[in-house]
Every structure is written in C-alpha cells, then in structure tokens.
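[1] Pasting the sequence and the predicted coordinates here, then a few questions.
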Amino acid sequence: MLEWIWLVPLFPLIGVIINGLFGRYLGHKIVGILGSTMIGLSFITVSIIFVDLLKLPPEHRFFTKTLYDWIVAGNFTAQISFLVDPLSVVMMLVVTGVSFVIHIYSIGYMHGDKGYSRFFTYLNLFVFAMLLLITADNFLMMFVGWEGVGLCSYLLIGFWYGDNYNAYAGRKAFVVNRIGDFGFLLGIFFIVVTFHSVNFQEVFGAAAAKYTIGAPIITVITSLLFVGAMGKSAQIPLYVWLPDAMAGPTPVSALIHAATMVTAGVYMVARANVLYTLSPISMALIAVIGVATAFFAATMGMTQFDIKRMLAYSTISQLGYMFVGVGVGAFAAGIFHLMTHAFFKALLFMGAGSIMHAMSNSTDMRMMGGLKKKMPITYWTFLMATLAISGIPGFSGFFSKDEILWQSLAGAYGNFWIWLVGVITAGLTAFYMFRAVYMTFHGELRAKKEIAEHVHEAPSTMTVPLLILGVLAVIGGYIGIPKILGGSNPFEHFLDPVFEKSLEIRHAAGLVPHISGESARVLELPLMGLTFVIVLVGIGFAYLMYLKRPELPGIWTKKINYVYQLVFNKYYVDEIYETLIVNPMAAISESFLWKFVDVKIIDGFINGTGNVVRGTGRVVRKWQTGFVQNYALSFVIGVVILVFYIVFM
Amino acid sequence: MIPATNLLILGAILFSIGVIGVLIRRNAIVIFMSIELMLNSVNLTFIVLARQLHSLDGQIFVFFIMTVAAAEVAVGLALIISAYRLRATINVDEINLLNG
C-alpha cells in the first residue's frame, strides 16, 4: 500500500476540481459532504499506509514514490516524488485526521453562507498543498506546498472580503509570509549551490559526510530556512500576521492557523534535522526565538478580550514551545507537541466557533459568561482542551510539554534559562486559558438581552467533531508516556529512524545530554512536579481574579498601569512595525517608486518607445500614397537597377 | 525562319509597352490589358527560347501562364466591377484610400 501514497494528496485535489468547477450547481449539502469525504478518503489511505509501515522493521520504514522528473537542467534534477517515513506519516495522520473533523464541523458552521462551495474548495486546496508540503521528498516540492498553504491561508483569511478589515488581514498575512518565504527560498538556493541537489536524502547524506559541526555554510542555510519557518509558524519577529488572521472563518483558524499550516515550520526543522544538528548556532537561535516567542505571546494572550485573538496568541506561544523542542535537539518532542497541540488547539478554536455561533458572532469575552449551562458539550470539550494545553497531568499537553521542558534543561543543547522561561510560560498559559474559561463559561452572562435569549448549543455537525477532538485532546498524549512515568514512549521510538543520523553526528561530536543517568532519574519527577505547581498557581490566580473577585483585575491593572498598557497594546509591535517599516515603505513607494521610477522612468521609457515609433511612422508613411501606379513605378525602377547591375557590373 | 534575336527584341518591346501602359494609363481596364500584354510578351520570350534550346520546358510554362492568366482575368474583372459598383469610377487616381 505504500505505493499508493500519491492517492493521499490526490483526493483533496479531486475535491478542489469538482467543488471549484461545479460547486455552485451542486447544492450546499453535496458540496460539504464531497469535501469532507475526500479528506476522509485521504485519512483512510494514510491509516492503511501507517499500518503497513508498522509491519516493517524500524530500519526499513522508509519509502519514496517517484511520479516523474519535474525539472531536469544539466546535472540538476527535481522530481515529483513522495516520501513515506515515520515523520511524514505522523504529520499526514494529524493533518488529514484533524482536517476531516474540521471539514465536518464546517458543514455546520458555514451553514447558509453564500460562499459555501468556495469555502470547501479553498479548504480542500489547503489540505492538498499541506499534504504536498509534508510528503515532499525534496526542498523544491516542499516549497510548492509551502507557498500553496500560504496562498490558501490568504484566500481564507480574506474569505469574507466584503469587509475591508478581512481583506487587510489577508494581505498582511500574505506579505509577512512572503518575507519569510524569501528567506526560505534563499536557503533553497544555497542548498542547490552547495549540494547540487534538492533531494532530502542526497542533501542530508552529503551534509553529514562532507561537513562537520559548525560549518558556516550550513549555518547560513539553516538560518535562512528558519526565516521561512519564522514567517509560516509565526515566530518573533514575523508573528504579527497570526492574530489578524483570525478575521477568517473559525474553522479556518482551527485548521490552518492552529493545527496544521503554522506547524509547517516545526515540521521543516524536524525534517532537516541533519542540517540543523550540524549548526549549533542555528539550533540556539531557534531555541531562543522559540522561548522568547512562547513567553511574550503568552503575556499578550493574558490581556486579550477577544477570544479568538487570545487563542491566536496562545497558538504563537505553543509554536514557540515546539521550536524550543526542536531547537534543543528534541525533534521528536517538538513533533509530539505539534500533534497534541493540533488536537487541543483545533478543539479550542472550534469551541470558540461554537460560542460565536451561539452569541451572534460576538468574540468579546467581556460580553460572555455563564455559558456552561446552555452549552454543556462546548463547555466540557473546551475545558478538556484547556486542561490539556495547561499541562495538567493525564491530559495530552502534559506529556508533550513536559517532554520539551525536560529536554530543554537536560538535553544536549539544553539551557537553564530556556527551561526557566518555559516553565514560567507554562504558568502564564494556564492563567490565560482558565481566565478564558471563567470569563466565557462561568459567572453571569453579560451579553445584551436579545443575544442572551438566542444562546443555544451548536448543531450535531459541530458538536460531534468537538467530542472527537475532545477525546483526542485527553488521550492523545498516551502514545508518548515517558520512561520516568512508567511508559516506553512508543511515539518517540517510532520517530527514531528519522533522527538517527542526527544522533550519530551528535555522538561523534561528543554531545551528550547535560543530565542523564542517576541524576536524571532523581531530577525529572520533581521538576515535573514544580511545573505542575506553577501551572496550579496560574489557575489559582485566574480563579481568584475572574471568578471569585472580579473586581481584582481592575484594581491590579491600575497599580501596574504602565506595564499593563504595554502588554495590552501588545508591546506596540504593530505600531512599531507601522512606523519603522510599513509607513516608510509606503512613503518611498509613493514618492519615489511610483511618482518617480514608475511615472518618469518606466512610463517615460514605454511612452518614449511609442513616440519614436510614431514619429518615424509619420515621416515614412508618406511613401504610401495609395496610387498603385506609384508602387508599380518604384517596382520598375528597382527592376531596371537590378538588371543594370547584373548586366553591366 | 525569323531569327530568335528579332523575336526576343519584339518580346522586349511588347513588355516595355505593357510596363508603360501600366504606369501611365489611368483606366483600370486599360491597365489590366497592359498587364496581359506583359504576360504575353513573356510567353513569346518563353516560346522563342524553347525553340532555340530545343526544350519543351518553356512551352509547358506558357500553358501554365495562359491558364493562370485566364483565372486572373476572371478575378481581376470581378474586382474592377466591384470597385465600379462601389465608387462609380474605375479611374485609379480616384481609388487611393490606402494612403499614409
């Protein structure tokens, strides 16, 4: 069945073609079912491939399926070819699985929207591009998927383009992503120049054979690739597009801007683990940017009142964790958190969508409250996801986040400060998530009367997906129980073959975990407990401030007004970008590029060419008198001259 | 037997008359007839040379030219009639729409 890997992206593409061309004639029901079925078929195919892969011995779990040569130029070739290995299968399972659930959810959520078939076309197109990105076995094909998901993100953020702000948000996402993609593309160029190939196996093999740890060219390549990841995965300094991306429909936020597309950067780093292992500088850069993003985004999330924006900052923060994971060399832990995050963050967004559905599309948490009784399914699933993201023991987020935190302290690239900030961020995460739960589901409903009367639980097409993801958010972590808790971490072992080469490089260079053996056994559990205590403190504060004594936030924020204002205004980063980059750029574009370069030089050149041609024509056209005999005369004169020439010369 | 030179000179004279006719006459039909004269002078030259060189090629060419000329006359006259219907004149001095 591994041979059939090409079917996985093909199904969504069929959905795109049918829904894109004929969707408007098909009727909403068929469009929705068709779009979901295609993703479901993909999921089934991936599942079969996964089972087949499990049957193979671990060292043989690697398969490529080449469809055809895409680009052949001299000794450079790029192929359309798919890669099946544990990493791509895990990603495919997560992407198709979560996509399938969200597609079903969309059937209910987008009910009655006039862009219904357009929505499902874009959504299927997104899944197709994402699957290309994941299954690519070379950088160029990965880049096609990379750009494809960016395009779909743009199309879906601006889905309701009638509203100017939505169109602006889509544009912002696209432009910021372009900046990152430019770095990614430069990275690929460097790879082509250095290795004369874009194929993963060839590049990684050559890199491991030819270069030692710390080779400058590898650092250049990996840093540039990471710039791409910064854009796509919303890391400092390119994270600014993600909060605005919430302008899109909520299933889009759940699928693209929480569960799948934004994790592409993490996947890319994990995929290129050999290159990154060869460059400790890039690894440190990733870990530092990851932890800084995790922390700052968490603080920004603490002050948001818009539930979707709050979740967006939470996503940025969690992506930061994933980058800490891959940045400290714990690639499997990063991917593990990617997976659990896909479950609980998609669930949180879908819960938020369910709330918006009930609250007449209001997203302001100050207007909510007490929804627990009216929307029990939404409440319980949202709570499960909150417990998971906060890292309460037993829920999926606990296993993945703790694994990252432990590796960030004990791993070969670990660092105490990264760990410390990570642990503090875990507390902040618990705080803002429980703040959201208390503000929306507990206490009194603060909405206007006509909205309040309308509050109801969502239809079953929306609640069933919530329940499915709710279960996954709880149990998703049990495939990766660490040794210290009596598990065998099968998830990590499944991914081992992918990261084997990196480990070899690391061993050869003498890089071993900082803390291992006996001291690790002693330390790991207490540290886990410490994190849990900090999480509980966060929850306690949320309980105190937003449930027990709701007047407290007002009093406290007044006391630290400057800090609060700074955080509430998201550190003025948008404003800083606006003044430092966007406005000067716009000014230069207008006064120089438009009014000088375009109008004077380019238009001048084009019009000048036209004028020269016209002027010449004005003179030369006098020859054309319209009298046939004049032409005949010149003809005859020509003949006479020719005859003279031939006869007498 | 008339020497070939004389005949060739006759052909050249006929051709020149045709050329001058094309150049100086204003009536489209007369111009047309001048063109026919040029064609026939060429035919004459072909035949003379065919006789001179004992080759049938020239004669075959003449047949082709006569056939093509017949077709050309049909088309040409049709064009002139159309032009006349449109402009009520066949004076080529008055038919100069395509000027610069």
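    In hand now; what should we look at?
[2] what about the helices in the stretch 401-550 of chain A?
    A:416-441, A:449-454, A:460-475, A:490-508, A:517-543 (DSSP state H, counting those that start in this stretch).
[3] pLDDT at residue B:100, what is it?
    At residue B:100, the predicted lDDT confidence score is 69.
[4] which one of the helices of the stretch 401-550 of chain A is the most hemmed in?
    Across the helices of the stretch 401-550 of chain A, averaging neighbours per residue (mean count of other Cβ atoms under 10 Å in any protein chain shown) puts helix A:416-441 on top, at a mean of 23. Where you see a C-beta, it was placed from the backbone N, CA and C, and this is true even at glycine.
[5] packing partners for that helix?
    Other helices and strands packing on helix A:416-441, by 3 or more Cβ pairs under 8 Å, 6 or more residues apart in numbering or on different chains; DSSP states H and E, are helix A:280-303, helix A:307-327, helix A:371-374, helix A:376-390, helix A:396-410, helix A:517-543.
[6] Can you check which of those helices gets nearest to chain B?
    Nearest of the helices and strands packed on helix A:416-441 to chain B, taken as Cβ to the nearest Cβ: helix A:307-327 at 67.0 Å.
[7] residue closest to the middle of chain A?
    residue A:262 (1.3 Å; Cα atoms, centre = their mean).
[8] Can you get me a residue count around residue A:603?
    11 (other Cβ atoms under 10 Å in any protein chain shown).
[9] Quickly note the distance from it to chain B.
    28 Å (Cβ to the nearest Cβ, to the nearest Å).
[10] Sticking with that residue, tell me its helix or strand.
    helix A:603-620 (DSSP states H and E).
[11] Can you give me the buried ones in that helix?
    Of all the residues in helix A:603-620, not one is buried under the rule 16 or more other Cβ atoms under 10 Å in any protein chain shown.
[12] Can you tell me what sits against the helix or strand following it?
    Sequence order places helix A:628-648 as the next helix or strand after helix A:603-620, per DSSP H and E. With contact meaning Cβ atoms under 8 Å, 6 or more residues apart in numbering or on different chains, helix A:628-648 is reached by B:19, B:22-24, B:31, B:92, B:95.
[13] Lowest pLDDT pick from these?
    residue B:95 (82).
[14] sorry, back to before: could you dump the contacts of helix A:628-648 to a markdown table with distance to chain A?
    As requested, those are exported to a markdown table (distance: Cβ to the nearest Cβ, whole Å):
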| residue | distance to chain A |
| --- | --- |
| B:19 | 6 |
| B:22 | 5 |
| B:23 | 6 |
| B:24 | 8 |
| B:31 | 8 |
| B:92 | 6 |
| B:95 | 8 |
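[15] buried subset of these?
    Of the contacts of helix A:628-648, these count as buried by 16+ other Cβ under 10 Å: B:19, B:22, B:31, B:92, B:95.
[16] Can you list which of these are found in helices?
    B:19, B:22, B:31 (DSSP state H).
[17] Isn't the first one up against residue B:38?
    Spelled out, it's residue B:19. Yes. Judged on Cβ atoms under 8 Å, residue B:19 makes contact with residue B:38 at a distance of 6.6 Å.
[18] Assess the claim that residue A:573 and residue A:240 are in contact.
    Yes. Counting by Cβ under 8 Å, residue A:240 is a contact partner of residue A:573 at 6.2 Å.
[19] who has more neighbours, these two?
    Relative neighbour count places residue A:240 above the other of residue A:573 and residue A:240, with 20 against 15, counting by other Cβ under 10 Å.
[20] interface residues of the stretch 451-600 of chain A facing chain B?
    Counting by Cβ under 8 Å from any Cβ of the partner chain, no residue of the stretch 451-600 of chain A lies close to chain B.
[21] Count the neighbours of the nearest residue to the residue nearest to the centre of chain A once chain neighbours are set aside for me.
    Distances taken as Cβ to Cβ, 6 or more residues apart in numbering or on different chains place residue A:233 nearest to residue A:262, at 5.1 Å, with adjacent residues excluded. Burial of residue A:233 is recorded as 30 neighbouring residues (other Cβ under 10 Å).
[22] again, but for the one 3 residues further on
    Residue A:236 is surrounded by 19 other residues when neighbours are defined as other Cβ under 10 Å.
[23] tell me the SS of it?
    Under DSSP: H, G, I helix; E, B strand; the rest coil, the three-state class of residue A:236 is coil.
[24] low-scoring stretches of the stretch 451-600 of chain A, by residue?
    Within the stretch 451-600 of chain A, no stretch has pLDDT under 70.
[25] can we see that at 80?
    A:483-487, A:510, A:512, A:514-521 (pLDDT under 80).
[26] Same question for chain B.
    B:1, B:98-100.
[27] need the residues of it near chain A, please.
    Listed as neighbours of chain A in chain B under the rule Cβ under 8 Å from any Cβ: B:19, B:22-24, B:31, B:92-93, B:95-100.
[28] just curious, which of the residues you listed is nearest to residue A:426?
    Within the set of the residues of chain B next to chain A, residue B:100 lies nearest residue A:426; the separation is 83.4 Å, counting by Cβ to Cβ.
[29] for the helix or strand where residue B:62 lies, packing partners?
    Using DSSP H and E, residue B:62 sits within helix B:57-87. If you count contacts as 3+ Cβ pairs under 8 Å, 6+ apart, helix B:57-87 packs onto helix B:28-53.
[30] What residues of the helix it packs on count as buried?
    Buried, per 16+ other Cβ under 10 Å, within helix B:28-53: B:28, B:31-50.
[31] Quick one: end-to-end distance for stretch A:267-281.
    Counting by Cα to Cα, to the nearest Å, you get 19 Å between the two ends of stretch A:267-281.
[32] List the buried residues for it?
    Under the neighbour-count criterion of 16+ other Cβ under 10 Å, stretch A:267-281 has A:267-280 buried.
[33] Reformat those as CSV; add secondary structure.
    Below are those laid out as CSV (three-state DSSP):
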residue, secondary structure
A:267, helix
A:268, helix
A:269, helix
A:270, helix
A:271, helix
A:272, coil
A:273, helix
A:274, helix
A:275, helix
A:276, helix
A:277, helix
A:278, coil
A:279, coil
A:280, helix
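[34] what's the closest of those to chain B?
    Closest to chain B, out of all of these and judged by Cβ to the nearest Cβ, is residue A:268, at 63.7 Å.
[35] Let me see the contact set for that closest one.
    A:142, A:146, A:225, A:228-229.
[36] Closest one of these to chain B?
    Distances from chain B to these, taken by Cβ to the nearest Cβ, are shortest for residue A:146, at 56.5 Å.
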